[in-house]
Structures are given as structure tokens and as C-alpha cells.
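Engineer: Provided below for reference: sequence and predicted model.
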Amino acid sequence: MQTLSAKTVEITGADSVHAVARILADEYSRKILASALSEPKSVEDLSKENGIPLSTCYRRVHEMLKEGIVVVERIMISSDGKRYELFRSGFSSLTLRLEANFLSIVGTVNEEVEDKVCSNIFAMKWNSAWARERTPAQHGARKSPEALYGLS
């Protein structure tokens with residue numbers, strides 16, 4: 001992923017482009033994204049509002065969360081003490097782009113959650129750089145990125 005401007009991001013990694021394209025091709029995922037664009041919603045609300053089975057809705061939301069397409073806007077505590085998350089679409093638009101046999105996705109960041117999307121992009125870059133730097137023997141070790149890079 002690379003930032004094109006303060007509010008536009010280009011997704012370029014083959015695995016990421018494939019995953020996001022698969023998400024966008026899914027009807028349930030598109031309904032969830034559209035529903036969570038203007039205000040944050042719980043998975044239960046998204047499920048009821050869109051007529052999506054609850055287990056399917058949980059699975060789709062977590063796939064999109066993993067790819068950075070949705071973000072957790074806030075965490076709530078119910079009156080009975082249970083914790084739940086409110087999700088929001090991280091992008092107001094996503095466009096598939098093909099140029100000279102190179103596939104990418106350009107996303108316009110949802111201004112309401114711009115800070116969370118940008119921090120997710122930084123975290124994804126940090127984590128992928130951390131994984132690339134580790135040897136196979138280190139993958140089993142429990143070292144933080146700070147310790148691995150000598151920052152602690």
C-alpha cells in the first residue's frame with residue numbers, strides 16, 4: 001500500500017489486491033460496507049439491517065478488518081458489562097485499476113475515520129516489514145518489532 005495523497009491510498013500488493021477484489025465481489029460485503037459508511041455499527045446491527053446471517057456477517061466483517069477495509073471506530077460496554085465493537089467503512093470509494101498489466105485498487109479514505117485508516121496502513125506496513133525481516137527460525141520466537149530492530 002502506498003499513500004497517494006492525504007485522502008487516497010493505492011493498494012498494490014498482489015495478495016492484498018486479490019483479497020480486496022474478492023471482498024468487493026461479495027454481495028454481503030458490499031452491503032456491510034455501504035451500511036457502515038455514514039455511521040459506526042455493531043455486527044449485530046449490520047446483520048439485522050442487511051438480512052445477513054449473524055455468523056456470516058461476523059466472518060465478512062473480520063475479513064474486511066484484516067484487509068483494512070473496515071476499522072473499529074470505538075469499543076462499547078453494554079449495560080450488562082459485555083464489550084462490543086462498532087465498525088465503520090474505512091473508505092468512501094474503492095476503484096479497481098488496471099494499467100499495463102498491473103492491477104491495483106485506489107481507495108478514497110472515509111474522512112470520518114481517516115486517522116484510524118492511516119494508522120492501520122502504518123501498522124500493516126510495519127507488520128509486513130517485520131515479518132519479511134524475520135528468518136524462519138525467528139518466526140517461532142516471541143520478539144516484538146522493537147526488540148527485533150533494536151529499538152527497545
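Structural biologist: Received it, and whenever you're ready, just let me know what you need.
Engineer: is residue 9 bridged to anything, and to what?
Structural biologist: Applying DSSP bridges to residue 9 yields these beta-bridge partners: residue 3, residue 107.
Engineer: gap between it and residue 108?
Structural biologist: Here residue 9 is placed at a distance of 8 Å from residue 108 (CB to CB, to the nearest Å). Where C-beta positions appear, they are placed from N, C-alpha and C, glycine not excepted.
Engineer: so these two - more neighbours on which side?
Structural biologist: More crowded of residue 9 and residue 108, by other CB atoms under 10 Å: residue 9, with 23 against 15.
Engineer: ok, that one touching residue 107?
Structural biologist: Yes. The pair residue 9 / residue 107 is scored as a contact, 4.9 Å apart, by CB atoms under 8 Å.
Engineer: which neighbours do residue 9 and residue 108 share?
Structural biologist: Shared contacts of residue 9 and residue 108, defined by CB atoms under 8 Å, 6 or more residues apart in numbering, are found at residue 91.
Engineer: what are the phi and psi values at residue 51?
Structural biologist: Backbone torsions for residue 51, taken as degrees, to the nearest 10, come to phi 60, psi 40.
Engineer: for residue 13, that is, sorry about that
Structural biologist: Torsion angles, degrees, to the nearest 10, at residue 13: phi -60, psi 130.
Engineer: again with the one 3 residues further on
Structural biologist: Backbone torsions of residue 16, given as degrees, to the nearest 10, read phi -70, psi -40.
Engineer: what about it, distance to residue 10?
Structural biologist: Distance, residue 16 to residue 10, by CB to CB: 10 Å.
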